[in-house]
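Chemist: My questions concern the predicted model and sequence given below.
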Amino acid sequence: MAAVHPAPTTVRPLVSRPVDSAAIDIHQHLWPGELIEALRARREAPRLDGWILVLGGEPPYEVQPADHDPVERRAQDSGRVVLGLSSPLGIEDLPVAEGAPLLDAWHQGVARLAGQFDGWASVSHAEPDLDDLRDRLQAGFVGLQISAVQLATPGTLERTAAILRVCEAAGKPVFVHPGPVAGRAGDGAGAATERLPSWWAAVVDYPSQLQAAWWSWQAVGRQLLPDLRICFAAGAGLGPVHHERFLARGGHPLVSDPGVFVDTSSYSRQGLDSLIRVLGIDPIVIGSDRPYGEAAEPDLGDAAATALRHTNPLRLLEGTRS
């Protein structure tokens, strides 16, 4: 586990890393030592009991210490890696007084790891500090990661648009990630009694959240945010594949949008084949979701591999084609 460092008094700039032909993984998770200690200091979910993660809506999870060791992680990836806060933890949804120390710990830890990793910034959903977000983006965070729950309906997206406009104005992208799961067994008074398989949230809840966010964006996103670059994790829950059904129920033909991307996390040949048939290859970027997944290794030839691993993610992050 990384050592905890004193909290800085100002937003620390992230060291710029040269962009070359190396692979870019836009979706990984690693908890800096600052965040680990902050989670262990809590007595309510989300919290760490040693290395046992306790959440409100999911079974306890045994965290592997090596998964959050920066040295171990860099040994696994030679290219550019972008870290994001694990939104299912629900940190962004906590009351401000509870969530602020955890968000500060996340940003401080990622800033300390600059030069080894890039990072997505995060904000409180209850009371977002937009000035702080602007400072984070100016300091070198690649963009904003936001929970798919905040884009669950067109109306929800409209209410979230003020946060997203900060990224749009800064020329930085937004990464839509699955968020926390509603309360289940063990959550306390009123919790449901049914105990679901440990994989249920990842296979059922997360894709459902991402599909809802994808369709909310299709409904109103581009009208609200004409210049925003946005990426949906896990192929937007394969939401684009349902476009045939959208058309059958009165929707419009899919319009190519160079500012909208999906990542590959949890999908390989079958999912990628479906997404490419609908979207083409240009909007698809490699996101491994490490340590919970591995980067897709599609057998599509060198040109496609370069597009997925370098050219496309570079357009997402930097707004450039080269």
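Modeler: Looks like it arrived, so ask away. Residues are numbered from 1 along each chain as shown.
Chemist: what are the ranges of the helices in this protein?
Modeler: With helices called from DSSP state H, the chain shows them at 33-40, 70-76, 96-112, 130-139, 154-170, 200, 206-216, 222-224, 234-237, 243-248, 269-279, 302-306, 312-318.
Chemist: can you put these in CSV and add mean neighbour count and mean pLDDT?
Modeler: From N, CA and C alone the C-beta is placed, and that goes for glycine too. CSV is the format used below for the helices of the chain (neighbours: other C-beta atoms under 10 Å; pLDDT from 0 to 100):
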stretch, mean neighbour count, mean pLDDT
helix 33-40, 21, 97
helix 70-76, 14, 91
helix 96-112, 21, 96
helix 130-139, 17, 97
helix 154-170, 17, 97
helix 200, 16, 90
helix 206-216, 23, 97
helix 222-224, 14, 96
helix 234-237, 28, 96
helix 243-248, 12, 89
helix 269-279, 16, 91
helix 302-306, 12, 89
helix 312-318, 22, 96
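Chemist: Reformat those into TSV and put distance to Ser288 next to each item.
Modeler: Shown next, in TSV, are the helices of the chain (distance: least, C-beta to C-beta, whole Å):
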stretch	distance to Ser288
helix 33-40	20
helix 70-76	10
helix 96-112	17
helix 130-139	24
helix 154-170	23
helix 200	22
helix 206-216	15
helix 222-224	28
helix 234-237	11
helix 243-248	26
helix 269-279	13
helix 302-306	14
helix 312-318	12
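Chemist: looking at these, which is closest to Glu62?
Modeler: Comparing the helices of the chain against Glu62 with C-beta to C-beta, the closest turns out to be helix 33-40 (14.3 Å).
Chemist: Which residue ranges of the stretch 1-150 of the chain form strands?
Modeler: 24-28, 47-49, 52-54, 61-62, 80-83, 118-121, 143-147 (DSSP state E, counting those that start in this stretch).
Chemist: weakest of those strands by average pLDDT?
Modeler: Lowest mean pLDDT of these: strand 61-62, a mean of 91.
Chemist: mind listing what the residue nearest to Gly221 when sequence neighbours are not counted touches?
Modeler: Distances taken as C-beta to C-beta, 6 or more residues apart in numbering place Leu157 nearest to Gly221, at 6.2 Å, with adjacent residues excluded. Counting by C-beta atoms under 8 Å, 6 or more residues apart in numbering, Leu157 touches Gln150, Leu151, Ala213, Ser216, Trp217, Ala219, Val220, Gly221, Leu224.
Chemist: For the fifth one, list the residues it contacts.
Modeler: Listed by C-beta under 8 Å, 6+ apart, the contact set of Trp217 reads Leu151, Leu157, Ile230, Phe232, Val260.
Chemist: now swap in the third one and tell me
Modeler: Contacts of Ala213 were listed using C-beta under 8 Å, 6+ apart, and they are Ala148, Leu151, Ala152, Leu157, Val176, Phe232, Ala236.
Chemist: Could you single out the nearest of the residues you listed to Ile286?
Modeler: Distances from Ile286 to the contacts of Ala213, taken by C-beta to C-beta, are shortest for Phe232, at 14.0 Å.
Chemist: Please determine how far Val54 is located from Gly115.
Modeler: Distance of Val54 to Gly115, given as C-beta to C-beta, to the nearest Å: 33 Å.
Chemist: Would you mind saying which of the helices of the chain lies nearest His27?
Modeler: Judging those by C-beta to C-beta, what sits closest to His27 is helix 234-237, at 8.8 Å.
Chemist: excluding its backbone neighbours, what's nearest Asp129?
Modeler: Counting by C-beta to C-beta, 6+ apart, the residue nearest Asp129 is Val123, at 6.6 Å.
Chemist: now swap in Pro88 and tell me
Modeler: Using C-beta to C-beta, 6+ apart, the closest residue to Pro88 is Pro180 (5.3 Å).
Chemist: How about the contacts made by that neighbour?
Modeler: Applying C-beta under 8 Å, 6+ apart, the residues contacting Pro180 are Leu55, Gly56, Gly57, Ser87, Pro88, Leu89, Gly90, Asp93, Ser147, Val149.
Chemist: Just give the number of residues close to the first one.
Modeler: Neighbouring residues of Leu55 were enumerated by other C-beta atoms under 10 Å; the total is 21.
Chemist: I'd like the distance between the residue nearest to Pro88 and His252.
Modeler: Taken as C-beta to C-beta, the span from Pro180 to His252 is 32 Å.
Chemist: among the contacts of Trp217, who's most crowded?
Modeler: Going by other C-beta under 10 Å, Leu151 tops those with 30 neighbours.
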